[in-house]
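Quick one, fold the following:
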Amino acid sequence: MKKAVTIKDIAEQLNLSRNTVAKALNGQYVPEKTRELVLKKAQELNYKSLNARHIDFGDKKYRILLVSGKPLSNINYFVPLVQGIENYCFERNYSLFQHTYDVNRMPFSHFANQVKDLDPDGIVAIECFDKNFITRLAGLGKPICFIDFTVYGVSLNRNYDIINTNDVKSMSNIVRMLHNKYKISNFSFVGDPKHCLSFHDRYMGMLEGIVGFRGVHSRKEDIINDESGFDYGDVETLKSEILKLKYAPECFICSNDFVARSVCKALNELGITVPGDALVVGFDNAPESTECAPLITTFSVDKVFLGRETVHTLVHRIESPNIPSRIITIGADCILRKSTDRPTAKE
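Numbers count the residues shown, from 1 in each chain. Okay, here's the model as predicted:
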C-alpha cells in the first residue's frame, strides 16, 4: 500500500521547514511565491488531508473594493481590521482597492463611475451609515459585505451581508454582572444610538440587562445627542451634560472606548471618582481604554479575524449571490479593569 504523503515530504522536496509548508496549506501568511510552490508540489504529490480544500482555494482571483465613509488609517480601531482584510486578499492573490467616499463632497455619480471602471467582484463597506448612500451603493448591483450598518430601515436587494459584534449580549451581561456584584441599578448610556447599528445594539443591551434584574430606566438619565455638532470627546461638554442628570448614575455605559475615556476625564474634573463613586464601561478594547487612569473595562474583538471573516463572507456572497442576506455576529471578550473594580461589602 502506497504511503500517504505528509507535510514533511513536501517540506523536504522544497527544502522548506514543515512550519512554512503547514502555514501555506492552512491559509496562513507566507510569501505568495512560497505559497504557490507549496500548493503546486502538494498537487503533484497528491497530498490529501482535512485541509486539502486550501490547495484549490485561490484559483479565482477576485477584485475586492474596500469603501469607507472616513479615512481609516488614522483611527486605531481600524488598523488591525484593515490588516486582516489586506492579509486575506494577499494570501489568495486577490486584487484589493480602497476608496474613501465623503457623501458631502463627492457626487454619487462620480463615485459610481469609479466603481464601474474598477469593475470589482464585490465590495466591503466600512463606516458607511448614510441611508441614501447605502441604498445607492446596493443599486450598483455588486455583492456587498457591510462591517456595521445603519439603524435606519433600508430596502435593499438580497445580495449583501452584515458583519457585526455581539453587542446586545455583551452589554446585557455586564450590566447584570455589575448589578449582582455591587447592587447598583442606576445606569446611564453615553453615545448616540442612532449613529450606527453597533451603538444602537449596545444601548439596547444595557436596557435588556436592566430589565433582566427588574430595574427601571429613564431615557432622561442618558447622555444621548444625535446632533451633528455634538462632540462626545469634549470633556467640557460632557461635564455640562453630567451635571444635568437628575440622579447621579452609578455606572456609565459608553458607546466605545473613545467616549469612555472622555467620560472618565469629565468625572475626574467634577470630583466624581472612578470606580469609587461611579463605574465606567467602554467597548472595542481600543488604545483609549488604557490611556487614562483608571484603566477602562471594555470588550475585545479580534479585529484581524473580523477583517478576514468579512472578506471570507463576501467571497461566499460572490459565489452564491442568491442566498438570503445574513447578519453575522462576532463574539467579544469582556476585559475587566479598574474602572469597574471597587471593594464589595464583604471585602
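
Quick one: the strands in this protein, in order.
Using DSSP state E, the strands of the chain run over 63-68, 95-100, 122-126, 144-147, 160-165, 187-190, 251-254, 279-281, 298-300, 326-330, 333-335.

Give the other helices and strands that the third one contacts.
So the one you mean is strand 122-126. Using 3 or more CB pairs under 8 Å, 6 or more residues apart in numbering; DSSP states H and E as the contact test, the elements touching strand 122-126 are strand 63-68, helix 78-91, helix 131-138, strand 144-147, helix 303-319. In short, each C-beta sits where N, CA and C put it, glycine included.

Mind doing that once more with 10 Å?
strand 63-68, helix 78-91, strand 95-100, helix 131-138, strand 144-147, strand 160-165, helix 303-319 (3 or more CB pairs under 10 Å, 6 or more residues apart in numbering; DSSP states H and E).

and it, how far out from the chain's middle?
A distance of 14 Å separates the centroid of the chain from that of strand 122-126, by CA atoms, centre = their mean, to the nearest Å.

Include mean pLDDT and mean neighbour count when you put the strands of the chain into JSON lines, please.
JSON lines is the format used below for the strands of the chain (pLDDT from 0 to 100; neighbours: other CB atoms under 10 Å):
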{"stretch": "strand 63-68", "mean pLDDT": "96", "mean neighbour count": "21"}
{"stretch": "strand 95-100", "mean pLDDT": "92", "mean neighbour count": "16"}
{"stretch": "strand 122-126", "mean pLDDT": "97", "mean neighbour count": "25"}
{"stretch": "strand 144-147", "mean pLDDT": "97", "mean neighbour count": "26"}
{"stretch": "strand 160-165", "mean pLDDT": "95", "mean neighbour count": "22"}
{"stretch": "strand 187-190", "mean pLDDT": "98", "mean neighbour count": "26"}
{"stretch": "strand 251-254", "mean pLDDT": "98", "mean neighbour count": "28"}
{"stretch": "strand 279-281", "mean pLDDT": "98", "mean neighbour count": "27"}
{"stretch": "strand 298-300", "mean pLDDT": "97", "mean neighbour count": "24"}
{"stretch": "strand 326-330", "mean pLDDT": "93", "mean neighbour count": "14"}
{"stretch": "strand 333-335", "mean pLDDT": "97", "mean neighbour count": "14"}
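
can you redo those strands as TSV with distance to residue 234?
Shown next, in TSV, are the strands of the chain (distance: least, CB to CB, whole Å):
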stretch	distance to residue 234
strand 63-68	24
strand 95-100	25
strand 122-126	25
strand 144-147	27
strand 160-165	26
strand 187-190	12
strand 251-254	14
strand 279-281	17
strand 298-300	21
strand 326-330	31
strand 333-335	26
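
Out of these, which is closest to residue 34?
strand 95-100 (19.9 Å; CB to CB).

Contacts for stretch 234-247 next, please.
Residues outside stretch 234-247 that contact it (CB atoms under 10 Å, 6 or more residues apart in numbering): 186, 188, 190, 218, 220-225, 230-232, 248-249, 252, 259, 261-270, 272, 278.

Just the CA atoms from it would do, formatted as CSV, please.
Extracted C-alpha coordinates of stretch 234-247, given in CSV (Å, rounded to 0.1, in the frame of the first residue of the first chain):
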residue,chain,number,x,y,z
ASP,A,234,-15.1,67.2,24.5
VAL,A,235,-14.7,67.0,28.3
GLU,A,236,-16.3,70.3,29.0
THR,A,237,-19.4,69.3,27.0
LEU,A,238,-19.7,66.0,28.9
LYS,A,239,-19.2,67.8,32.3
SER,A,240,-22.2,70.0,31.5
GLU,A,241,-24.3,67.0,30.4
ILE,A,242,-23.4,65.0,33.5
LEU,A,243,-24.4,67.9,35.8
LYS,A,244,-27.8,68.0,34.1
LEU,A,245,-28.7,64.4,35.2
LYS,A,246,-31.3,64.3,37.9
TYR,A,247,-29.9,61.2,39.6
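
mind listing what's buried in it?
For stretch 234-247, the neighbour count (16 or more other CB atoms under 10 Å) marks 235, 237, 238, 239, 241, 242 as buried.

now, which of these lie within helices?
Counted as lying in helices by DSSP state H, out of these, are 235, 237, 238, 239, 241, 242.

which one of those residues is nearest residue 309?
Looking across these and measuring by CB to CB, the closest to residue 309 is residue 238, at 34.3 Å.

In space, what's closest to residue 328 - neighbours in sequence excluded?
Nearest non-adjacent residue to residue 328, counting by CB to CB, 6 or more residues apart in numbering: residue 163, 5.2 Å away.

wait, the one you found sits on residue 85?
No. At 11.1 Å, residue 163 and residue 85 do not qualify as touching, with contact defined as CB atoms under 10 Å.

Mutual contacts of those two, please.
Shared contacts of residue 163 and residue 85 (CB under 10 Å, 6+ apart): 124, 126, 147, 306, 307, 309, 310, 314.

Distance check, the fourth one against residue 163.
Per CB to CB, to the nearest Å, residue 306 is found 7 Å from residue 163.

intersection of neighbour lists for those two?
Jointly contacting residue 306 and residue 163 under the rule CB under 10 Å, 6+ apart are 147, 330.

just to revisit the earlier point, among the contacts of stretch 234-247, name the buried ones.
The neighbour-count test (16+ other CB under 10 Å) marks 186, 188, 190, 221-225, 232, 249, 252, 259, 261-268, 272, 278 as buried among the contacts of stretch 234-247.
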